[in-house]
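Chemist: One predicted model, sequence on top.
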Amino acid sequence: MMVSALLLAGCQSAVAPQNCAQAGDACVRFSILHTNDHHGRFWRNKYDEYGMAARKTLIDEQRAQIATAGGQSLLLSGGDINTGVPESDMQDAVPDFIGMNLIGYDAMAVGNHEFDNEMSVLEMQRQLAEFPMLAANIFKRDANRSVTAEHYFEPYRIFKLNGVTLAVVGMTTKDTAHLVHPDNVDDVYFADPIEVMPSVLKEIREYHPDVQLVFALTHMGHYADGNHGSEAPGDVKMARALMPGQLHGIIGGHSQNPVCMEPGGKQYADFKPGDDCVPDRQNGTWIMQAYEWGKYVGRADFGYFNGQLELLNYQLIPVNLKLRDANGERQSAGPVIPEDPMMLQTLAPYQQTGEQLLDQRIAYSEVLLDGQRDSVRSRQTNLGYLMGEAFRNHELVKADFAVINAGGVRASIEPGVISYRDVLTVQPFGNFVTKATMTGSQLQIYLDQVTSLTGGGLAQLSNIKLDVDCDARQAKIHSIGGRPFSPAETYSFAISGFSAAGGDGYPIIDVLNLQQTDAQVFREYLQQKGNIVESELSLGNNVRYFVGKKRVNSCAER
């Protein structure tokens, strides 16, 4: 009997469970559902895609499935609830936060677009939200604008899922101070998340020793292999900066991409709705992001056994997305998700209010007005030119030329009828158009700096002719308004208050604030024009860029 017992004990030891598949019920299972970069899409689009009513139905179904399997779940948002759709913008994203409450979000990261409005609007939203806004790297300034140790938002929140204690730490891109109007963030400071995270982890260890897992809920961006370009370092850099095992997962936003990777984690997969998705893993940290606008709900099923976290399953579930078939017809990419009746009833009045004035015709365009992000941030476009003409020709401005930061152009306008909705989609921020005046010599210094900017800072120019030496970062100004340039003359130009205050990396300059919003000015100009024709949008050779002797589209090619 003794020998048999010893042999049995030896066999049991040899087959001791090593992972969740072997551990059975001893493996604790939980799930994280997530979205990010909502940008005002509380209502379905014109193709009946996404929208919060269908999202609620889908999330309710996922929660029920998880519960039936014995798991528990969290629902997290990677931030940027604000800015993107006029119906939401004009109502300060109130319908969006109401929708999030009805769906039952557990926490959200604070996005940079949460600061597109005055702080009073953000405070209203924080009071409206029935879940915490998390940001461990946003600190208050005192009356002297010195940075204090006081967090502006809750830095983290602790949750229990099936007996596992999980800390969720919020982080916001440090670029925020340059991506929104400086006046809106005058009382806060955005520290580097990579520098802040170690101290937050230390605090969690000291004050919450029961925490077993730490996840970051971020609005920093995912850049494959950490290649963030001109953007601030994102999730990959933060994961690599920590010791393995300190940070178990990152639920992100900001870069607005589905984080589905090819093997090795250095390249994005060619992901389409319904495809399998393998999230990134860096330094032992899982990194996930669900594209944008509520197009997908991410679902990560985890198992926790013997102190180790395993990703058991991951998917990006499309929310009524459609793909074009061989005939160009839009077909559902997956099962049609019905819209939740209660959500529809709650949000419908907000949608109706927003639509009353937005769909009225204000002009007609015979051509595509190109505001595509990849276009407007890499070369001069006809939409950038047209906006500049609108700014400088306004009756309260009457400037010689105009400078439009590419980051302020958020969408294209299709050929056909133009509505106020189109204008607000292109210019959702409500920045004021301002007027600057400089001598020619001052302007030369200013344009040397501005014309070499790239990304959101790329200057879309109108009514000025110049060549830009990208290597030397110098602009050779030929003429302004058809008149030869002279360092001794005085010139005026139209520019958004955002850029004039230092946004998107522009030099801070003194301007006359005319208290006219960019969208309002652009709408008035389009109404006056009535019909936009291609012959009026020829950019010709007004702005030319060179790298060495090679002609390029912009200094982004340097």
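Modeler: In hand now; what should we look at? Residues are numbered from 1 along each chain as shown.
Chemist: use CA for all of it now, contacts and neighbours both
Modeler: Will do.
Chemist: bridging residues for L309?
Modeler: Y304 (DSSP bridges).
Chemist: Tell me who's in contact with it.
Modeler: 248, 302-303 (C-alpha atoms under 8 Å, 6 or more residues apart in numbering).
Chemist: neighbours around the residue nearest to S88 when sequence neighbours are not counted, how many?
Modeler: Spatially, and ignoring its direct neighbours in sequence, S88 is nearest to G40 (5.1 Å; C-alpha to C-alpha, 6 or more residues apart in numbering). Residues near G40, counting by other C-alpha atoms under 10 Å, number 26.
Chemist: Touching, G40 and D96? I think so.
Modeler: Yes: because the distance of 6.4 Å satisfies C-alpha atoms under 8 Å, G40 is recorded as touching D96.
Chemist: check contacts around the residue nearest to S88.
Modeler: Counted by C-alpha under 8 Å, 6+ apart, G40 has contacts 81-89, 93, 96, 293.
Chemist: I'd like the contacts of L309 laid out as a markdown table, including pLDDT and neighbour count.
Modeler: Converted to a markdown table, these look like this (pLDDT from 0 to 100; neighbours: other C-alpha atoms under 10 Å):
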| residue | pLDDT | neighbour count |
| --- | --- | --- |
| H248 | 98 | 23 |
| F302 | 98 | 20 |
| G303 | 97 | 20 |
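Chemist: contacting residues around Y364?
Modeler: Contacts of Y364 were listed using C-alpha under 8 Å, 6+ apart, and they are 415-418, 530-532.
Chemist: typed the wrong thing, it's A459
Modeler: Counting by C-alpha under 8 Å, 6+ apart, A459 has contacts 403-406, 450-451, 453.
Chemist: any idea how far Q372 is from it?
Modeler: Here the criterion is C-alpha to C-alpha, to the nearest Å. By it, A459 lies 15 Å from Q372.
Chemist: so how far is stretch 383-402 off the chain centroid?
Modeler: 28 Å (C-alpha atoms, centre = their mean, to the nearest Å).
Chemist: Average pLDDT for that stretch, rounded please.
Modeler: Across stretch 383-402, the average pLDDT comes to 94.
Chemist: All further residue positions should be reported with the first residue as 519.
Modeler: All right, first residue 519 from here; so that's stretch 901-920.
Chemist: Give the buried residues for that stretch.
Modeler: By 16 or more other C-alpha atoms under 10 Å, the buried positions in stretch 901-920 come out as 901-912, 915, 917-920.
Chemist: Stretch 719-727 now?
Modeler: Quick answer for stretch 719-727 (16+ other C-alpha under 10 Å): 719, 722.
Chemist: Give me the contact list for it.
Modeler: In contact with stretch 719-727 (C-alpha under 8 Å, 6+ apart) are residues 685, 729, 764.
Chemist: Identify, from these, the entry nearest to Y868.
Modeler: A685 (35.1 Å; C-alpha to C-alpha).
Chemist: tell me the SS of that closest one?
Modeler: strand (DSSP: H, G, I helix; E, B strand; the rest coil).
Chemist: which residues touch D566?
Modeler: N838.
Chemist: ok, now the one 4 residues further on?
Modeler: With contacts taken as C-alpha under 8 Å, 6+ apart, M570 has the following neighbours: 559-562, 617, 812, 861.
Chemist: Show me where the stretch 919-1068 of the chain has its helices.
Modeler: 938-944, 958-968, 1015-1018, 1036-1047 (DSSP state H, counting those that start in this stretch).
Chemist: Around D989, how many other residues sit close by?
Modeler: 12.
Chemist: wait, it sits on G1066?
Modeler: Yes: D989 lies in contact with G1066 (C-alpha under 8 Å); the separation is 6.8 Å.
Chemist: could you give me the average pLDDT of stretch 969-976?
Modeler: 94.
Chemist: start to end distance for it?
Modeler: First residue to last in stretch 969-976 (C-alpha to C-alpha) measures 7 Å.
Chemist: Which residues does it contact?
Modeler: Here stretch 969-976 makes contact (C-alpha under 8 Å, 6+ apart) with 748, 894-896, 923-926, 968, 977, 986, 988, 991-993, 1022-1024, 1072-1074.
Chemist: Let's see which of those end up in strands.
Modeler: Among those, the ones falling in strands (DSSP state E) are 923, 977, 986, 992-993.
Chemist: pLDDT weak spots in the stretch 719-868 of the chain?
Modeler: In the predicted model of the stretch 719-868 of the chain, residues 748 satisfy pLDDT under 70.
Chemist: would you list every one of the strands in it?
Modeler: Here the stretch 719-868 of the chain has its strands, by DSSP state E, counting those that start in this stretch, at 731-737, 767-769, 798-800, 803-806, 814-823, 826-836, 840-842, 848-850.
Chemist: that older thread, can you tell me which of the ones in strands among the contacts of stretch 969-976 lies closest to V718?
Modeler: Of all the ones in strands among the contacts of stretch 969-976, V718 sits closest to N923, with 35.9 Å by C-alpha to C-alpha.
Chemist: Show the pLDDT at the closest one.
Modeler: 97.
Chemist: Contact partners for it?
Modeler: Counting by C-alpha under 8 Å, 6+ apart, N923 has contacts 974-978, 1017, 1022.
Chemist: If we use 7 Å, what do you get?
Modeler: Contacts for N923 (C-alpha atoms under 7 Å, 6 or more residues apart in numbering) come out as 974-978, 1017.
Chemist: Quick one: closest of the helices of the stretch 919-1068 of the chain to V698.
Modeler: helix 1015-1018 (7.2 Å).
Chemist: other SSEs contacting the closest one?
Modeler: If you count contacts as 3 or more C-alpha pairs under 7 Å, 6 or more residues apart in numbering; DSSP states H and E, helix 1015-1018 packs onto strand 950-957.
Chemist: then the strand it packs on to CSV, C-alphas only?
Modeler: The C-alpha trace of strand 950-957 is given here as CSV (Å, rounded to 0.1, in the frame of the first residue of the first chain):
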residue,chain,number,x,y,z
PHE,A,950,-11.2,81.3,-33.7
VAL,A,951,-9.8,82.8,-36.9
THR,A,952,-7.2,85.4,-35.9
LYS,A,953,-5.1,88.0,-37.8
ALA,A,954,-1.4,88.5,-37.5
THR,A,955,0.6,91.5,-38.8
MET,A,956,4.4,91.4,-39.4
THR,A,957,7.1,93.2,-41.2
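Chemist: Can you check what angle separates it from helix 1036-1047?
Modeler: With axes from the mean of the first three to the mean of the last three C-alpha atoms, to 10 degrees defining the directions, strand 950-957 sits at 90 degrees from helix 1036-1047.
Chemist: Okay, now the sheet partners of strand 950-957, with direction.
Modeler: strand 1008-1014 (antiparallel), strand 1030-1035 (antiparallel).
Chemist: Flag whichever of those strands has the least confidence on average.
Modeler: Lowest mean pLDDT within the strands paired with strand 950-957: strand 1030-1035, at a mean of 77.
Chemist: ok, and what's touching that strand?
Modeler: Counting by C-alpha under 7 Å, 6+ apart, 948-954 sit against strand 1030-1035.
Chemist: For it, what is the distance to the chain centroid?
Modeler: For strand 1030-1035, the distance to the chain centre is 27 Å (C-alpha atoms, centre = their mean).
Chemist: And that strand, what's buried?
Modeler: Across strand 1030-1035, burial judged by 16+ other C-alpha under 10 Å covers 1031, 1034-1035.
Chemist: how much space between F789 and R848?
Modeler: For F789 relative to R848 (C-alpha to C-alpha), the value is 18 Å.
Chemist: neighbour-wise, which of the two wins?
Modeler: Remark: of F789 and R848, F789 carries more neighbours, 17 against 13, as counted by other C-alpha under 10 Å.
Chemist: For V777, see how far away the more buried one is.
Modeler: Where V777 is concerned, F789 sits at a distance of 9 Å (C-alpha to C-alpha).
Chemist: in stretch 586-593, what's buried?
Modeler: Neighbour count says stretch 586-593 has 589-593 buried, by 16+ other C-alpha under 10 Å.
Chemist: and if you look at stretch 849-860?
Modeler: For stretch 849-860, burial by neighbour count (16+ other C-alpha under 10 Å) applies to 850-851, 855, 857-858.
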